[in-house]
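Give the three-dimensional model of this entry:
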Amino acid sequence: MTASGPAAAPAVRKELSPLRRRATLGCILAAAMTVLDLSMTSTALGSIQETLDTSLAKGALVISAYATAELITLSLSAFLTRVFRPRTYLVLLVCVFVAGALLSAAAWNFESLLVARVVQGAASGAIMPFAYYAIVVLLPGEEQPKAISTFSITVTGSYVLAPILSITLAEWLSWRALYCVAAPVGAVALWLALPGLRDMRQDESPLGRRANAVSIGAAVVGLFCAQYALDTGQGRGWFASAVVTVTVVVAVAAAVLFVVTELRSRSPLVDLRLLRLRPFLSSCVFNVVAGVAVYSSFILIPFYLTNLGFSVGEIGTVTLYGGTVQLVIALGLPVLLRRVDAYLVSCAGAVVFAVAALLPFLAGSSPPYGVIVVALMARSVGSGLLLAALGLMATRALSASQASSGSLLFNMARSLGGSVGAACCAAFLEIRAAHHMSGGGVSAVAGRSLGLRDVFAVALVILVLLAVALVAGYAAGRVRARRAVRTAGG
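Numbers count the residues shown, from 1 in each chain. Okay, the predicted model is just below:
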């Protein structure tokens, strides 16, 4: 990424050109478009179910179908960046996503909506890693903390804007109007990005433009089976169901086949050897745990507030408090990430996130409204700090030639952690609630409250362990740096 010798100065000036910064912002906005769309869909899911006359379980497929397509395309994203030129690739992704959004707005029945959501998910799975890829390739190292902070601010703003748009557009017009928002956002993203992407070179990864067909098949089949098992396992009784058992076996076999094929192939789909880099491997492992915590909270918090008797409007209002505070905190991330080590920032995020689990755990079955607000603010601030710092850790560990594979692996780590974490959270909550009710003398509402208390306790332990691991990583890095200085001095 950086030049040396006499040509160093011109290269740095090129890296800092306004067009490159503008292109990076456009890619970030395209990624934020997918977050906004998914958040609005989650908020308006009840209205969608009512309009299309579907059950709650069937309506959940609107989210899971999107997530399945997203995961499959995400696994292919590193290969796709080697096939398409950056400008062509971004135009294709944004246009496919907007087309899927407009098809969702015009859906005439539930099945057509599912098809449209699959189209959107397929594009979304490649847009997010492309944004990380653009940050690494377009910007020098000293500019990347600012770009990651901008990414965090933009995504946070999407989470804040989503409930506002859902309340206004869905109530004044229809939930269909929510999907029309993607068109102007996508147009602005392309307007910002395309001029700066004109001179961006195509991915020059040594992996080339070829890929092993066995790897592609194993990735698609494995991820589809894994997502299907996670989506339907709870309703089918997990391994009591032959269908779930078979899909899990197929998913594991496909994962093994994928890894073996990738390591032996001359044209691998993704460079798994990047996981040999200790800093990058650490960021991916931490990102798995972060994905478990963040995605589980998407299920746990709405269920918790509903169990307390909150209406949909009240849940949206409380969520806005947390999102607004997170947006304010995110404005200070550029300075924070420049002056404080990313390990320590992510550790602080994990600790603040843990407070979000500690407060409801201590408050009991009837927490004061203020405790709930503080807990949601802690969750928003903690997750924002944690994800932004981990993103910076990953980008700093990669060179330009490693960016496409690295961004895939990093985003895949969070997505897989989130999918497994969300499924395990829902299953553990149901198991613990049933356990408390089986003792006798405990109502269904009380059983759910006790089950939620157990889930918050587990979440607290996981986040505290994550914070400890991040501090250990920081300490180990300091030790390695001191040894390097002594070696150089000797």
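
who touches stretch 445-454?
300, 303-304, 307, 360-361, 364-365, 428-437, 442 (Cβ atoms under 8 Å, 6 or more residues apart in numbering). Any C-beta I mention is one placed from the backbone N, CA and C, and that applies to glycine too.

got any ranges where the stretch 301-450 of the chain has weak pLDDT?
When residues are selected by pLDDT under 70, those of the stretch 301-450 of the chain lie in 302, 311-313, 316, 364-365, 400, 404, 439-442.

count of neighbours near the spatially closest residue to A354 that is not a sequence neighbour?
Sequence neighbours aside, L463 is the residue nearest to A354 in space, at 3.9 Å (criterion: Cβ to Cβ, 6 or more residues apart in numbering). For L463, the neighbour count with other Cβ atoms under 10 Å is 26.

Packing partners of the helix or strand that contains L390?
Assigned by DSSP states H and E, L390 falls within helix 369-396. Where contact means 3 or more Cβ pairs under 8 Å, 6 or more residues apart in numbering; DSSP states H and E, helix 369-396 is packed against helix 110-138, helix 144-172, helix 278-307, helix 312-331, helix 333-339, helix 342-363, helix 403-438.

Drop anything exposed from the contacts of stretch 445-454.
L300, F303, Y304, P360, F361, L429, R432, A433, H436, M437, V442 (16 or more other Cβ atoms under 10 Å).

which one among the residues you listed gets closest to L274?
Within these, proximity to L274 (Cβ to Cβ) peaks at L300, which comes in at 32.4 Å.

Okay, the closest one and A105: tell me how far apart.
Remark: distance between L300 and A105 (Cβ to Cβ, to the nearest Å) = 30 Å.

so how many other residues sit close to the closest residue in space to W191 that isn't next to it in sequence?
Distance criterion Cβ to Cβ, 6+ apart; nearest residue to W191, sequence neighbours excluded, is G26 at 7.2 Å. Residues within reach of G26, counting by other Cβ under 10 Å, total 24.

On the pLDDT front, check G26 for me.
G26 carries a pLDDT value of 88.

Just read off the phi/psi values of V181.
phi -60, psi -30 (degrees, to the nearest 10).

Next, work out how far apart the residue nearest to it when sequence neighbours are not counted and S39 are.
Leaving aside its sequence neighbours, V181 sits nearest to L165 (Cβ to Cβ, 6+ apart; 6.5 Å). Note on L165: its distance to S39, by Cβ to Cβ, is 9 Å.

do the same with R21
Distance from R21 to S39, by Cβ to Cβ: 26 Å.

cool, L74 as well?
Distance from L74 to S39, by Cβ to Cβ: 19 Å.

before we move on, what about A147?
22 Å.

From A413, how far out is A218?
18 Å.

neighbour count winner among R21 and S39?
Between R21 and S39, S39 has the larger neighbour count (other Cβ under 10 Å), namely 23 against 19.

give me the element that one is part of.
Secondary structure (DSSP H and E) places S39 in helix 18-43.

hang on, the earlier thing: if I follow the layout properly, the residue nearest to A354 ends up in contact with F361?
No: L463 lies out of contact with F361 (Cβ atoms under 8 Å); the separation is 11.7 Å.

Next, format the buried ones among the contacts of stretch 445-454 as JSON lines and append distance to V248.
Output for the buried ones among the contacts of stretch 445-454, formatted as JSON lines (distance: Cβ to Cβ, whole Å):
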{"residue": "L300", "distance to V248": "24"}
{"residue": "F303", "distance to V248": "25"}
{"residue": "Y304", "distance to V248": "29"}
{"residue": "P360", "distance to V248": "32"}
{"residue": "F361", "distance to V248": "32"}
{"residue": "L429", "distance to V248": "21"}
{"residue": "R432", "distance to V248": "23"}
{"residue": "A433", "distance to V248": "24"}
{"residue": "H436", "distance to V248": "28"}
{"residue": "M437", "distance to V248": "28"}
{"residue": "V442", "distance to V248": "32"}
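
between the residues you listed, which is closest to L197?
L300 (39.4 Å).

do you know how far the closest one is from S415?
18 Å.

go on, A348?
According to Cβ to Cβ, A348 and S415 sit 24 Å apart.

Looking at the two, which has the bigger crowd around it?
Shown here are A348 and S415; by other Cβ under 10 Å, S415 has more neighbours (23 against 19).

Skip the chain neighbours and tell me the closest residue to L337.
P145 (4.1 Å).

Burial check on that neighbour, number of neighbours?
Neighbour tally, P145, other Cβ under 10 Å: 24.

going forward can the numbers begin at 44, since that is how I track them
Fine by me, first position is 44 from now on; the one you just mentioned is P188.

is it true that it touches V383?
No: counting by Cβ under 8 Å, P188 does not reach V383; the two are 10.3 Å apart.

Relative to the whole chain's centre, how far out is the lengthiest helix in the chain?
Looking only at the chain and at elements set by DSSP state H, the helix with the highest residue count is helix 487-532. Between the centre of helix 487-532 and the centre of its chain there are 19 Å (Cα atoms, centre = their mean, to the nearest Å).

and what of stretch 424-440?
Worked out by Cα atoms, centre = their mean, stretch 424-440 lies 12 Å from the chain centre.

Same check on stretch 370-387?
That offset, for stretch 370-387, works out to 19 Å (Cα atoms, centre = their mean).

T438: what's it in contact with?
By Cβ under 8 Å, 6+ apart, T438 lies in contact with Y175, I178, V179, Q187, I191.

Show me which of these is closest to R219.
Distances from R219 to those, taken by Cβ to Cβ, are shortest for Y175, at 31.6 Å.
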